[in-house]
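>>> return atomic coordinates for the entry below.
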Amino acid sequence: MGSGTIACGLARLAGAHMDTVLWARSADSAARARDILDGAAAVVTELDELCERTLVVEAVTEEAGIKAGLLGGLGVLLPAEALIATTTSSLSVGELSEASTRPDRFAGLHLFNPVEKMKLVELAFPEAATPETRESFRGLCEALGKTAVEVPDVPGFVVNRLLFPFAFEAVRLMESTGLEPEAIDCCMKLGAGHPLGPLALLDLVGLDVSAAIGESIGAEVPASLRELVQAGRLGRKTGSGFYEYG
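Below you'll find the model as predicted:
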């Protein structure tokens, strides 16, 4: 469920292994998703098209109310044996599982961008998840060629809880010293072996999403990042952020 970067990446990957359908909220979103997927998965816009699915992964915008509303609809729509997952990176998996009305068959499936290349999945379960549910999701991750690490249901899980305070510190260093983003990112790539510098990473994630994650884990969001968000410069997806993209 969803037509953004994570949803389309997952649909492309899953489509190579199993019968896959992507649900998009609007006709425009569906058209964009079809172009991206290029036949890897069917694209639909009606929720009823999901009524016989055995597993649904919610990957819509990172807003609790929107996710909860869609998950509640799925809980009513899907067969009793169907599994539901959320790709949230910062919200409570337990609370979202309750919204779905089937916490025993629910999981947090935190994927990383680009989905087809990044091997890690942070797998978080609500307390009510059954042993069978847990085993099914471990099997799904294996089938998709991922390494699943089970993590506690805490804001940010492991990666974001450690990564975003570090990336925000890079922004503050830029603010206080006047260093260019390229210089900071070059230092971390060549000096620390990072494949992507922290400022380029924030642009890739999306500066609005990064700010929301920071707030959810209690990290101080730098002023310059908030200013870019207010100006509509959200990173790669809008063509500009800390960097300009052609």
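>>> so where do the helices sit in this structure?
Using DSSP state H, the helices of the chain run over residues 5-15, 27-37, 64-77, 93-99, 131-143, 159-177, 181-192, 198-205, 207-217, 223-230.
>>> so which bits of the fourth one are buried?
I take that to be helix 93-99. Along helix 93-99, these residues count as buried under the neighbour rule (16 or more other C-beta atoms under 10 Å): 93, 94, 96, 97, 98, 99. To be clear about C-beta, it is placed using only N, CA and C from the backbone, and glycine gets the same treatment.
>>> check contacts around the nearest residue to residue 106 once chain neighbours are set aside.
Distances taken as C-beta to C-beta, 6 or more residues apart in numbering place residue 97 nearest to residue 106, at 3.8 Å, with adjacent residues excluded. Going by C-beta atoms under 8 Å, 6 or more residues apart in numbering, residue 97 touches 84, 103, 106, 126, 128, 129.
>>> could you redo the last one with a cut-off of 10 Å?
Residue 97 sits next to 71, 75, 84-86, 103-108, 124-129, 153 when contact means C-beta atoms under 10 Å, 6 or more residues apart in numbering.
>>> ok so, going back, out of the helices of the chain, deepest packed?
helix 198-205 (a mean of 24; mean count of other C-beta atoms under 10 Å).
>>> dump the C-alpha coordinates for it into CSV.
C-alpha atoms of helix 198-205 as CSV (Å, rounded to 0.1, in the frame of the first residue of the first chain):
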residue,chain,number,x,y,z
PRO,A,198,25.4,12.5,6.2
LEU,A,199,24.1,15.6,4.3
ALA,A,200,23.6,13.7,1.1
LEU,A,201,21.9,11.0,3.1
LEU,A,202,19.4,13.5,4.6
ASP,A,203,18.6,14.7,1.1
LEU,A,204,18.0,11.1,0.0
VAL,A,205,15.7,10.4,2.9
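>>> in this structure residue 93 contacts residue 137, no?
No: Residue 93 is beyond contact range of residue 137, at 11.6 Å (criterion: C-beta atoms under 10 Å).
>>> what is in contact with those two at once?
Shared contacts of residue 93 and residue 137 (C-beta under 10 Å, 6+ apart): 85, 106, 107, 108, 109, 123, 124, 125, 129.
>>> out of those residues, which sit inside strands?
85, 106, 107, 108, 109, 123, 124 (DSSP state E).
>>> for the first one, which non-adjacent residue is spatially closest?
I take that to be residue 85. Using C-beta to C-beta, 6+ apart, the closest residue to residue 85 is residue 109 (4.1 Å).
>>> isn't the one you found right next to residue 122, touching?
Yes: counting by C-beta under 10 Å, residue 122 is a contact partner of residue 109 at 8.2 Å.
>>> looking only at neighbour counts, state which of those two leads.
Taking neighbours as other C-beta atoms under 10 Å, residue 109 and residue 122 compare with residue 109 leading, 25 against 20.
>>> bridging residues for the more buried one?
Counting by DSSP bridges, residue 109 forms beta bridges with residue 123.
>>> give me the distance between the residue positioned nearest the centre of the chain and residue 115.
In the chain, the residue lying closest to the centroid (C-alpha atoms, centre = their mean) is residue 87, at 5.0 Å. For residue 87, the distance to residue 115 equals 9 Å [C-beta to C-beta, to the nearest Å].
>>> between the two, which contacts overlap?
What both residue 87 and residue 115 touch, as defined by C-beta under 10 Å, 6+ apart, is the set 6, 7, 10, 59, 121.
>>> check contacts around the second one.
Residue 7 sits next to 1, 22-24, 29, 33, 36, 57-60, 87, 111, 115 when contact means C-beta under 10 Å, 6+ apart.
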